[in-house]
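> only the shape, not the letters, is given here:
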């Protein structure tokens, strides 16, 4: 055997399974998605995020149960409960805004990152900061508008369930306040720990291989 020839492959040596490697990568990505750096640094914030997720799950189950109850009472017993539709709609509204706040804490809202791949990183970070300032402004405006609407409809009740109509607008108020808080925390974390919290545009550029 020529010493310069490559050594034969060891038949007893197992090659890494691409599937298992991908599974490990997916698990690591899931862990990063489930708990960001601020949650690791703040137990209180971690509990708050967990509470948002738990409330969202309960609301989702509630919507399913209410809709199922409405279908069964209407088409099986021919005696529909008039309040189920209103309560299901109210529950869905709360689910929408609580889920929006939770997704905001994960920075997972749909974004257009085309610009991030064609501009210098510094410009991309400026654009990202501007985008978060817009989110703050819109969230503050909508939260204040929601508070005003809650006050306006405070004396109005829903016709079927008798629940206050203000609960509909209170959901939007709570949701936008939470989004505002999450955005503030995101800006603080990116400023203090840029390595642990890559900017959205930086992440997009990395995904594009830039």
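That came through, no problem. Keep in mind that this is a model prediction, so the values were computed, not measured.
> low-confidence ranges in the protein?
Judged by pLDDT under 70, the chain has its weakly predicted residues at 1-41, 108-114, 116-117, 194-210.
> can you give me the helices for it?
Secondary structure of the chain by DSSP state H: the helices cover 18-34, 37-41, 43-75, 83-105, 121-152, 166-192, 200-207.
> for the longest one, packing partners?
Spelled out, it's helix 43-75. The elements that helix 43-75 packs onto, with contact taken as 3 or more C-beta pairs under 8 Å, 6 or more residues apart in numbering; DSSP states H and E, are helix 37-41, helix 83-105. Quick note: C-beta positions are derived from backbone N, CA and C, even for glycine.
> tell me which residues in stretch 60-77 are buried?
Neighbour-count burial for stretch 60-77, with 16 or more other C-beta atoms under 10 Å as criterion, is recorded at 62, 63, 66, 70.
> which residues does that stretch contact?
With contacts defined as C-beta atoms under 8 Å, 6 or more residues apart in numbering, stretch 60-77 is touched by 79, 80, 81, 84, 85, 87, 88, 91, 92, 95.
> tabulate those in CSV, adding columns for distance to residue 144 and neighbour count.
Written out in CSV, the entries for the contacts of stretch 60-77 read as follows (distance: C-beta to C-beta, whole Å; neighbours: other C-beta atoms under 10 Å):
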residue, distance to residue 144, neighbour count
79, 43, 7
80, 38, 15
81, 36, 16
84, 33, 21
85, 30, 16
87, 27, 19
88, 28, 19
91, 25, 21
92, 24, 16
95, 23, 20
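> dump these into a markdown table; add distance to residue 156 as well.
As requested, the contacts of stretch 60-77 are exported to a markdown table (distance: C-beta to C-beta, whole Å):
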| residue | distance to residue 156 |
| --- | --- |
| 79 | 28 |
| 80 | 24 |
| 81 | 22 |
| 84 | 20 |
| 85 | 18 |
| 87 | 16 |
| 88 | 19 |
| 91 | 19 |
| 92 | 20 |
| 95 | 22 |
